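Asks: Build the 3D model from these lines:
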Amino acid sequence: MKTSVINQIKTLLGMEVKLETMKLMDGITIFEADAFETDKEVFIVTEDEQKIPVPIGEYEMEDGRILVVIEEGIISEVKEKEEEVVEEAPEVEEEVEAEATPSAKKTIESIVKETFFAEIEKLTQENIELKAKLETLSKVDEVTNEVTELADIAPISFNPENTNEVETFVYGSKRPKTIMDTILEKINN
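Replies: Reported below is the predicted structural model:
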């Protein structure tokens with residue numbers, strides 16, 4: 001109990017947590033857990049360092065103990081290997097049972113392949129949805145481009161053909177100049 005709490009704290013802090021590892025009787029498949037005790041999480045470590053919860057079943061470890069998993073990824077029981085009574089008839093049944101039940105490695109491979117193909121299927125579906133959204137967004141962009149092109153057209157503000165000439169009237173333009181007119185002219189210029 002104390003070690004699991006400490007391991008959880010170390011995980012939250014980003015520190016490296018040392019987990020126990022054990023191999024199965026096949027010598028290839030590796031199980032990893034905080035401790036190989038009841039109600040602890042147990043994972044299968046794949047070749048590319050992925051951790052997969054252990055499927056339901058009984059697994060024989062290298063040290064002779066049997067690991068029982070009733071709920072996926074949780075150790076239900078760890079029991080010592082029972083001594084088998086050697087009889088010819090049960091051996092034949094055991095061979096048939098061994099052939100009928102897939103090994104842990106094959107089970108793991110099938111689970112990994114199922115998750116892989118499910119993930120690919122999910123990504124393919126997501127890709128199709130995103131392409132549809134992109135197509136609708138490109139149509140919206142085309143419409144907005146047309147609107148902005150129409151907005152760029154400026155209204156006609158000046159017509160050079162339409163000119164209004166204003167007549168000005170100058171009072172007393174034909175009268176003779178006086179001295180006062182010349183003085184005012186010099187002041188204004």
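Asks: what ranges do the strands span in the protein?
Replies: 20-23, 30-33, 42-45, 51-53, 57-60, 66-69, 77-79 (DSSP state E).
Asks: Out of those, which one sits most buried?
Replies: strand 42-45 (a mean of 20; mean count of other Cβ atoms under 10 Å). For glycine as for every other residue, the C-beta is placed from the backbone atoms N, C-alpha and C.
Asks: Could you export that strand as CSV, CA atoms only?
Replies: The C-alpha coordinates for strand 42-45 follow below in CSV (Å, rounded to 0.1, in the frame of the first residue of the first chain):
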residue,chain,number,x,y,z
VAL,A,42,-0.4,-5.7,-14.5
PHE,A,43,0.7,-4.9,-18.1
ILE,A,44,2.3,-6.7,-21.0
VAL,A,45,5.4,-4.9,-22.4
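Asks: Low-confidence stretches in the protein?
Replies: Within the chain, the segments meeting pLDDT under 70 span 1-8, 10-11, 14-18, 82-102, 156.
Asks: go with 90
Replies: Counting by pLDDT under 90, the ranges of the chain that qualify are 1-119, 136-175, 177, 189.
Asks: domain parsing for it?
Replies: Taking automatic domain parsing as the reference, the chain has its domains at 2-85, 102-147.
Asks: so which of those comes closest to residue 154?
Replies: domain 102-147 (15.4 Å; Cβ to Cβ).
Asks: what distance separates the closest one from the middle of the whole chain?
Replies: The chain centre lies 11 Å from the centre of domain 102-147; the measure is Cα atoms, centre = their mean, to the nearest Å.
Asks: picking that back up, in JSON lines, list the strands of the chain along with distance to residue 172.
Replies: Output for these, formatted as JSON lines (distance: least, Cβ to Cβ, whole Å):
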{"stretch": "strand 20-23", "distance to residue 172": "119"}
{"stretch": "strand 30-33", "distance to residue 172": "115"}
{"stretch": "strand 42-45", "distance to residue 172": "113"}
{"stretch": "strand 51-53", "distance to residue 172": "109"}
{"stretch": "strand 57-60", "distance to residue 172": "123"}
{"stretch": "strand 66-69", "distance to residue 172": "120"}
{"stretch": "strand 77-79", "distance to residue 172": "127"}
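Asks: what about those, which gets the closest to residue 122?
Replies: So among these, strand 51-53 is nearest, using Cβ to Cβ, at 17.8 Å.
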